[in-house]
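Chemist: just a sequence and a predicted model for now, questions to come.
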Amino acid sequence: MTVRDTERTVGVKNESTIQEFVLEAFPAAQHLGGLLFLVHLLAYLASIMGNTVIILITWADHRLQTPMYVLLSTFFFCECCFITTVIPKLLSIFLSGRQTIPFPACLTQAFFFLFIGAGTFFLMAVMSLDRYLAICKPLHYASIMNLRVSFLLIFLCYSLSFIFFTGLMLRVSQLSFCGPNIISHFFCDLGSLIHLSCSDTSSVETYFFFVTSFVILLSLIVTITAYSNIVVTILRLPSAKERQKAFSTCSSHLIVLSLMYGSCVFIYLNPKQVDRLDSNKEAALVNTVVTPVLNPVIYTLRNKQVHQALRDTLSRVRWQK
């Protein structure tokens, strides 16, 4: 019998239950709490403001009320929700030094982190299909994609995510936790949480790995298939100007996809996550802090329609004053 099995057996016999966990965020940098608070606060505010500005512009300008921009504004809204599941608690840790989180709050944070994150992966796959239809099937695009279809696809993305991770969290909530209670992460990472249980977690770990793998691989396969066809279509365009225009509509999406998939494949497509917790923290930091800050910049940097809509909105505001 291993040490971990012995701990589980003793814990079950004692029937002790942990009421709260300790988030061991960055133990080597605890003396930099004030500086880390300021950096993460600025990153959080920049992300929220950047995403919100694009959402408001999208819904204020009738020219941007198309399936592509409806999907994009939904993506930015979910980015705001995603970063909010993690950063406020991290800020409170840096500011107050209090690293504890109650068990129900830990489960809630883990659920919304995975639910929103998985739904966003499905949404990114839908956005890839939207670009595929617009570039490869332009004559059929209007008959296939419209606002009603885009809202239906958004609902389907997050419904699937809700079903998958509600089942997972119900399984996790039935586990016994009798010590230790230190989560070596800056939020309630479900992989780390499961590892602390003194119950038999083999079925839960398998289910968790299967669900996360399914979400990431399905969306990745759809995205790769869509963009493979897009690249072939772009290369066949007769004019260099047409090729540049077609590629510019997809380049920002590809950059965001690379950041998201790169970090999440590293974190979740590894059954033995506990052996790489330190590396996982760094990858998760990119996924939860860096990427949401960069996304609004990446998506608007080469988007002439958003630039024009922003100029028109600012002109109307100045005119009203």
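Modeler: Yep, it's here.
Chemist: what separates Leu32 from Asp189, distance-wise?
Modeler: 22 Å (Cβ to Cβ, to the nearest Å). All C-beta spots, glycine's among them, are computed from the backbone N, C-alpha and C.
Chemist: the more surrounded of the two?
Modeler: More neighbours sit around Asp189 than around the other of Leu32 and Asp189, counting by other Cβ atoms under 10 Å; the figures are 25 against 13.
Chemist: per-residue confidence for that one?
Modeler: For Asp189, the pLDDT comes out at 86.
Chemist: for the nearest residue to it once chain neighbours are set aside, which residues are in contact?
Modeler: Once its chain neighbours are removed from consideration, Asp189 has its nearest residue in Ile183; the separation is 6.7 Å (Cβ to Cβ, 6 or more residues apart in numbering). If you count contacts by Cβ atoms under 8 Å, 6 or more residues apart in numbering, Ile183 has them with Phe21, Val22, Leu23, Glu24, Cys106, Asp189, Ser192, Leu193, Leu196.
Chemist: from those, which has minimum pLDDT?
Modeler: Ranking the contacts of Ile183 by pLDDT puts Glu24 at the bottom, with 81.
Chemist: all helices of the protein, in order?
Modeler: 3-14, 33-60, 67-84, 87-96, 103-136, 138-144, 147-173, 190-195, 202-235, 240-268, 277-285, 291-301, 304-320 (DSSP state H).
Chemist: what mean pLDDT does the first one have?
Modeler: If you average the pLDDT over helix 3-14, you get 44.
Chemist: then the second one?
Modeler: For helix 33-60, mean pLDDT rounds to 87.
Chemist: tell me what it is packed against?
Modeler: In terms of contacts (3 or more Cβ pairs under 8 Å, 6 or more residues apart in numbering; DSSP states H and E), helix 33-60 is packed against helix 67-84, helix 87-96, helix 291-301, helix 304-320.
Chemist: got those as a markdown table, with distance to Val149 and mean pLDDT columns?
Modeler: Shown next, in a markdown table, are the helices and strands packed on helix 33-60 (distance: least, Cβ to Cβ, whole Å; pLDDT from 0 to 100):
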| stretch | distance to Val149 | mean pLDDT |
| --- | --- | --- |
| helix 67-84 | 7 | 91 |
| helix 87-96 | 33 | 88 |
| helix 291-301 | 22 | 77 |
| helix 304-320 | 21 | 65 |
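Chemist: quick one: closest of the ones you listed to Ala226.
Modeler: Evaluated with Cβ to Cβ, the helices and strands packed on helix 33-60 place helix 67-84 nearest to Ala226, the distance being 13.3 Å.
Chemist: mind listing what's buried along that closest one?
Modeler: Residues of helix 67-84 classed as buried: 67-76, 78-80, 82-84 (neighbour count, 16 or more other Cβ atoms under 10 Å).
Chemist: got JSON lines for the contacts of Ile183, with distance to Ile221 too?
Modeler: Supplementary listing: the contacts of Ile183 in JSON lines, determined by distance: Cβ to Cβ, whole Å:
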{"residue": "Phe21", "distance to Ile221": "35"}
{"residue": "Val22", "distance to Ile221": "39"}
{"residue": "Leu23", "distance to Ile221": "34"}
{"residue": "Glu24", "distance to Ile221": "36"}
{"residue": "Cys106", "distance to Ile221": "32"}
{"residue": "Asp189", "distance to Ile221": "25"}
{"residue": "Ser192", "distance to Ile221": "28"}
{"residue": "Leu193", "distance to Ile221": "29"}
{"residue": "Leu196", "distance to Ile221": "33"}
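Chemist: if I look at the nearest residue to Ile154 once chain neighbours are set aside, how far off is Val126?
Modeler: The spatial neighbour of Ile154 that comes closest, neighbours along the chain excluded (Cβ to Cβ, 6+ apart), is Thr74 at 5.3 Å. Spatial separation of Thr74 from Val126 under the definition Cβ to Cβ is 10 Å.
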